[in-house]
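Engineer: Structure of the sequence below:
(one chain, ligands or ions: 2)
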Amino acid sequence: MDNVIEVKNLRREYTRSQGFLRRKKQTVKAVDGISFSVKRGEIFGLLGQNGAGKTTTIKMLTTLLAPTEGSCKVLGFETFGEEKRIRPRINFIFGGEMGVYRRLSARDNLRYFANLYLLDRKCKEKRIEEILTLVDLKDRADDLAETYSKGMIQRLQIARGLINDPEILFMDEPTVGLDPLGARMLRDVICRLREQGRTVLLTTHYLPEAEELCNRMVIINRGKIVAAGTPEEIKNGSETLEDAYVRLIEGVSV
Ligand SMILES: Nc1ncnc2c1ncn2[C@@H]1O[C@H](COP(=O)(O)OP(=O)(O)OP(=O)(O)O)[C@@H](O)[C@H]1O
Ligand SMILES: [Mg+2]
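Structural biologist: Residues are numbered from 1 along each chain as shown. Ligands and ions are numbered 1, 2, ... in the order given. This next block holds a predicted model:
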């Protein structure tokens, strides 16, 4: 099976100005030498504490941020330098963010984003109907997005993320802030994406969700990978993934 994501010794530093007249510079190692690969068709999880470096990693993978060092390949191309080869074939959604137009309906939002990808009319309308069905928004597709619940907005964001028929969908905290039923519906949508053979890389703070969805995952702590494997491998004898997670995180912070 081919690797669609290959990350080797990836590092990213941020420099922050501090103190009097902001003259003092402080360097933060947000991602500190991580390596992992993702196979086509996998749902792969990035887990870790707040500030661990998950979003920074996703930003590098989606060509939005240049690595400080290391190799970051998506679909066989470097994310920095060959980004034009990657961008049409991937998409991403950031949880909680308003990535859709509230004054447009779901259908019109999707038409708008389809136009950005220059889809022809026939293909566009067909794909929009398929995606609306996939994310269970068909009944409300012509209502303005401002009348939607948070869960519906999140599903519309996924719909937007599917408009270019991406081979890989990156999702940063897709179920953040959703009630249990909303989160359940969203997980169902993610399972459907897996059935379609798409690759999904997601971050989440909900460990049962990661266990339910992910084929494999890495746990990142302070920019470094502290565990990698299937949920069972990561549990490694612990009763729950949460127990294993706490052990791993506390083990490295003391
Ligand atoms: N633009 C930036 N400038 C300076 N430091 C940053 C910037 N973005 C992130 N950082 C720092 O990099 C580190 C990693 O942040 P990142 O957002 O990748 O973490 P995260 O794992 O996504 O956390 P969360 O779970 O809270 O979303 C943190 O210490 C953060 O403060
Ligand atoms: Mg984040």
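Engineer: What separation do you get for the nearest residue to A114 once chain neighbours are set aside and E130?
Structural biologist: Excluding its sequence neighbours, the residue lying closest to A114 (C-beta to C-beta, 6 or more residues apart in numbering) is K124, at 4.3 Å. All C-beta atoms are positioned from the backbone trio N, CA, C, and that covers glycine. K124 sits 11 Å away from E130, going by C-beta to C-beta, to the nearest Å.
Engineer: Correct me if wrong, but the residue nearest to A114 is in a helix.
Structural biologist: Yes. Note on K124: a helix contains this position according to DSSP: H, G, I helix; E, B strand; the rest coil.
Engineer: per-residue pLDDT, it?
Structural biologist: Note on K124: pLDDT of 92.
Engineer: Let me know the pLDDT of G251.
Structural biologist: For G251, pLDDT reads 77.
Engineer: Can you give me the buried ones in the host helix or strand of it?
Structural biologist: Per DSSP states H and E: G251 is located in helix 241-253. Judged by neighbour count (16 or more other C-beta atoms under 10 Å), helix 241-253 contains these buried residues: 241, 244-245, 248-249.
Engineer: Distance to ligand 1 for those residues - can I get that in JSON lines?
Structural biologist: Putting the buried residues of helix 241-253 into JSON lines (distance: C-beta to the nearest ligand atom, whole Å) gives the following:
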{"residue": "L241", "distance to ligand 1": "17"}
{"residue": "A244", "distance to ligand 1": "18"}
{"residue": "Y245", "distance to ligand 1": "13"}
{"residue": "L248", "distance to ligand 1": "15"}
{"residue": "I249", "distance to ligand 1": "12"}
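Engineer: any idea how far the most far-flung residue of the chain relative to its centre lies from V28?
Structural biologist: Relative to the C-alpha centroid of the chain, counting by C-alpha atoms, centre = their mean, F20 is the outermost residue, at 37.6 Å. Going from F20 to V28 by C-beta to C-beta gives 20 Å.
Engineer: Same check on R247?
Structural biologist: 26 Å.
Engineer: again with T203
Structural biologist: 19 Å.
Engineer: Neighbour count: those two, which is higher?
Structural biologist: T203 (24 against 15; other C-beta atoms under 10 Å).
Engineer: For the most centrally placed residue in the chain, list each beta-bridge partner.
Structural biologist: Centroid-nearest residue in the chain: M171, 2.1 Å away (criterion: C-alpha atoms, centre = their mean). For M171, the beta-bridge partners under DSSP bridges are I93, L202.
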